[in-house]
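Novice: predicted model and sequence follow; I will ask about them next.
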Amino acid sequence: MEIKTLSSKEIYRNRWMSLKEDRIQRADGSEGIYSVIEKSDFVVIIPVENNEIYLVEQYRYPLGRKTKELPQGSWECSPDATPEEVATGELKEETGLKAGKMEYVGYQKLAQGYSAQGYHIYLATQLEFIGQELDEEEYGLTVEKIKISEFCRLIHDGEISDATSVTAFLLAMTKKMIVESDLD
């Protein structure tokens, strides 16, 4: 074993996360501290229709500005909900859309250097607008539909910097769930 946990102490907890500090021993015998953020997994949805993709824009407090990203979220108050149920709910909540087809793309880890949190990725198609239902934490969130080629340009130019959005889109492309003809 490369690292052995000698002790673990919870430093902080709220409804969304906890922070623990572990005293560790490395394989060479040296000791240290490792901090770990524990958060539940979440979902990210890629809503696509007619060579266009839906994005949300919202204020991100740690950055002090609004960012564009794919719809995403978790249901801390419903830990037994399936990832697909959460994806369906988050899509409706944030964009007001209902997907006639929701395909599972895959699962990725967010930041495995300090957390085991991961995210399930879904491709949503056959979209119908049924009405947005934002949570109070999503105040000011807006939705826009842009060409997939424009989405790629925004990634290229660094205007979309949310790693979850970029990775989810890339995984869908490598699995050919979004193809070159969609980029026109």
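Specialist: Thanks, I have the structure now.

Novice: for whichever strand or helix holds residue 46, buried residues please.
Specialist: Element membership for residue 46 (DSSP states H and E) is strand 42-49. Across strand 42-49, burial judged by 16 or more other Cβ atoms under 10 Å covers 42, 43, 44, 45, 46, 47, 48. The C-beta positions use only the backbone N, C-alpha and C, and glycine is treated the same way.

Novice: dump these to a markdown table, plus distance to residue 17 and pLDDT.
Specialist: Putting the buried residues of strand 42-49 into a markdown table (distance: Cβ to Cβ, whole Å; pLDDT from 0 to 100) gives the following:
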| residue | distance to residue 17 | pLDDT |
| --- | --- | --- |
| 42 | 12 | 96 |
| 43 | 17 | 98 |
| 44 | 18 | 98 |
| 45 | 22 | 98 |
| 46 | 25 | 98 |
| 47 | 27 | 98 |
| 48 | 31 | 97 |
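
Novice: which of these sits closest to residue 115?
Specialist: residue 42 (11.5 Å; Cβ to Cβ).

Novice: pairing partners for the strand holding residue 46, with directions?
Specialist: strand 52-60 (antiparallel), strand 72-73 (antiparallel), strand 118-129 (parallel) (DSSP bridges).

Novice: so can I have TSV of those strands showing mean neighbour count and mean pLDDT?
Specialist: Conversion of the strands paired with strand 42-49 to TSV gives the following (neighbours: other Cβ atoms under 10 Å; pLDDT from 0 to 100):
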stretch	mean neighbour count	mean pLDDT
strand 52-60	19	95
strand 72-73	22	94
strand 118-129	19	97
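
Novice: quick one: which of these is nearest residue 96?
Specialist: So among the strands paired with strand 42-49, strand 118-129 is nearest, using Cβ to Cβ, at 5.3 Å.

Novice: okay, now the sheet partners of whichever helix or strand comes after the closest one, with direction.
Specialist: Next helix or strand after strand 118-129 toward the C-terminus (DSSP H and E): strand 142-147. In the sheet, strand 142-147 lines up against strand 52-60 (antiparallel) (DSSP bridges).

Novice: distance from the chain centre to whatever helix or strand comes next after the partner strand, please.
Specialist: For strand 52-60, the succeeding helix or strand toward the C-terminus, using DSSP H and E, is strand 65-69. Distance of strand 65-69 from the chain centroid (Cα atoms, centre = their mean, to the nearest Å) equals 13 Å.

Novice: kindly report the same for stretch 55-73.
Specialist: 11 Å.

Novice: how much does the strand holding residue 46 deviate in direction from strand 65-69?
Specialist: Strand 42-49 and strand 65-69 are oriented at 70 degrees to each other (axes from the mean of the first three to the mean of the last three Cα atoms, to 10 degrees).
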